[in-house]
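A.B. asks: Return atomic coordinates for the entry below.
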Amino acid sequence: MVTIRDVAREAGVSVATVSRALNGRTNVTKDTREAIEAAAKALNFVPHSGARSLTIRQTDTIGVILPDLFGEFFSEIIRGIDMIAHGAGKHLLLGNMHGSSHETTSAIRAMRGRVDGLLLMPPDSTAELLADHLDPGMPTVLLNAQAGESDIPFVAVDNYRGARAITEHLIACGRKRIVHIAGPKHNRDARERLRGFTDAMREKAGEKHPVVLPGDFTESAGREAAQLLLAGQVPADAVFAANDVMAVGLISVLDDAGVLIGRKMLVAGFDDIPLARHITPRLTTMQSNIAQLGSTAAMLLLRMLRGEPLGMAHGVVLSPTLAGRESTLGPDASGARTPTGSG
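C.D. replies: You can find the predicted model right below:
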């Protein structure tokens, strides 16, 4: 039996291009379409009617696969996606890979035939290992990741510049012993934030080997770091946590111990989850506008669903801004925001 792969080989194009041409998609050039139709005719290729109906039917549903669905970070992403999807008459189908790379492929397979397009955030913020599992005919946009050699559009936050900006802010506040609570080692966001911190400490504070404590983006990691500070094992007068959740955990323990946050100890986070604006003291953080991350990705996907051939060149990098609050500026903080890169 002649398959779509045989047609692709005969026409000298990819399977995805054959699929788009035979299903009447507009993002295929006239010459390519004619070459594919000629190859299909020469091989007597007859599309499987059942498979074809699954390919061309619309579900008016967008698949969203995230490393986790728990916590304000992910709920804000979903809120941003839903604002755009709802306005376009689309529904959302959520998938959770529980932060596990090996569960990612299962989540992707579960979406096939049930959604028109896919928004995907790989757990390690890279997509090199996903190329063989993504349906080439499925419009896909990556969140906080780039696909390496695969031509997939993406939306990401400039974590490196954001981390530099908030570290420089702590240095400008006169702090010398700044400690960083890192995120998971396999996570690209965490690695970029660590790189921004270490570069800023080396270039602006002359510190070649700043103290970095292990973390995993959870509140418990922040609490554990606080215990080390209280025990005197890690001398510090300021802490930059790689996300707000760890910063909140740190503050809760230090505050219970009577440490004056914003005076004796400065604390900063990253992301600006809603809780950051409501804890006491309010948390200084990098405002990456998480909902915008989701809404921007959803808008790119809708363009693809309308037939626009978007690729990596259409990727969007969002610049975070510094939201200075009481946790670093004391009780008289105005909550003013400054652009990324300011000190």
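A.B. asks: can you give me the helices for the stretch 1-150 of the chain?
C.D. replies: Per DSSP state H, counting those that start in this stretch, the stretch 1-150 of the chain carries helices over the ranges 4-11, 15-22, 30-42, 49-56, 72-87, 101-111.
A.B. asks: so which of the ones you listed comes closest to residue 220?
C.D. replies: helix 72-87 (15.8 Å; Cβ to Cβ). Bear in mind the C-beta positions are built from the backbone N, C-alpha and C, glycine included.
A.B. asks: Mind telling me which of the helices of the stretch 1-150 of the chain the model trusts least?
C.D. replies: Lowest mean pLDDT within those: helix 49-56, a mean of 46.
A.B. asks: so residue 317 is in which element?
C.D. replies: strand 316-318 (DSSP states H and E).
A.B. asks: Which residues does that strand contact?
C.D. replies: In this structure, residues lying in contact with strand 316-318 by Cβ atoms under 8 Å, 6 or more residues apart in numbering are 154-158, 288-289, 292-293, 296, 300.
A.B. asks: ok, now stretch 27-37?
C.D. replies: Against stretch 27-37 from outside (Cβ under 8 Å, 6+ apart): 7, 11-13, 17-18, 20-22, 307-309.
A.B. asks: how about CSV for the residues you listed, with neighbour count and distance to residue 278 added?
C.D. replies: Listed next are the contacts of stretch 27-37 as CSV, based on neighbours: other Cβ atoms under 10 Å; distance: Cβ to Cβ, whole Å:
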residue, neighbour count, distance to residue 278
7, 26, 58
11, 22, 58
12, 11, 59
13, 18, 54
17, 23, 50
18, 31, 53
20, 23, 48
21, 22, 53
22, 20, 54
307, 13, 43
308, 14, 40
309, 14, 43
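A.B. asks: residues contacting the nearest residue to residue 80 once chain neighbours are set aside?
C.D. replies: Leaving aside its chain neighbours, residue 80 sits nearest to residue 294 (2.9 Å; criterion: Cβ to Cβ, 6 or more residues apart in numbering). Taking Cβ under 8 Å, 6+ apart, we find residue 294 in contact with 76-82, 84, 119, 143.
A.B. asks: Out of those residues, which is nearest to residue 251?
C.D. replies: residue 76 (20.1 Å).
A.B. asks: So the closest one is in contact with residue 290, correct?
C.D. replies: Yes. The criterion here is Cβ atoms under 8 Å, and residue 76 meets it with residue 290 at 3.8 Å.
A.B. asks: Mutual contacts of those two, please.
C.D. replies: residue 273.
A.B. asks: Which one's more surrounded, those two?
C.D. replies: A direct count of neighbours by other Cβ atoms under 10 Å for residue 76 and residue 290 places residue 290 higher, at 24 against 21.
A.B. asks: how near is that one to residue 112?
C.D. replies: Applying Cβ to Cβ, to the nearest Å, the value for residue 290 to residue 112 is 28 Å.
A.B. asks: In the chain, where is pLDDT below threshold?
C.D. replies: Filtered on pLDDT under 70, the chain yields the residue ranges 1, 24, 46-57, 98-102, 123-132, 147-149, 332-343.
A.B. asks: Let me see the domain layout of it.
C.D. replies: Domains of the chain are assigned by automatic domain parsing as 4-55, 60-157+290-318, 159-288+321-338.
A.B. asks: that older thread, filter the contacts of strand 316-318 down to the ones in helices?
C.D. replies: Taking DSSP state H as the definition of helices, the contacts of strand 316-318 contribute 292-293, 296, 300.
A.B. asks: Closest one of these to residue 282?
C.D. replies: Ranked by distance to residue 282 (Cβ to Cβ), those are led by residue 292 at 20.9 Å.
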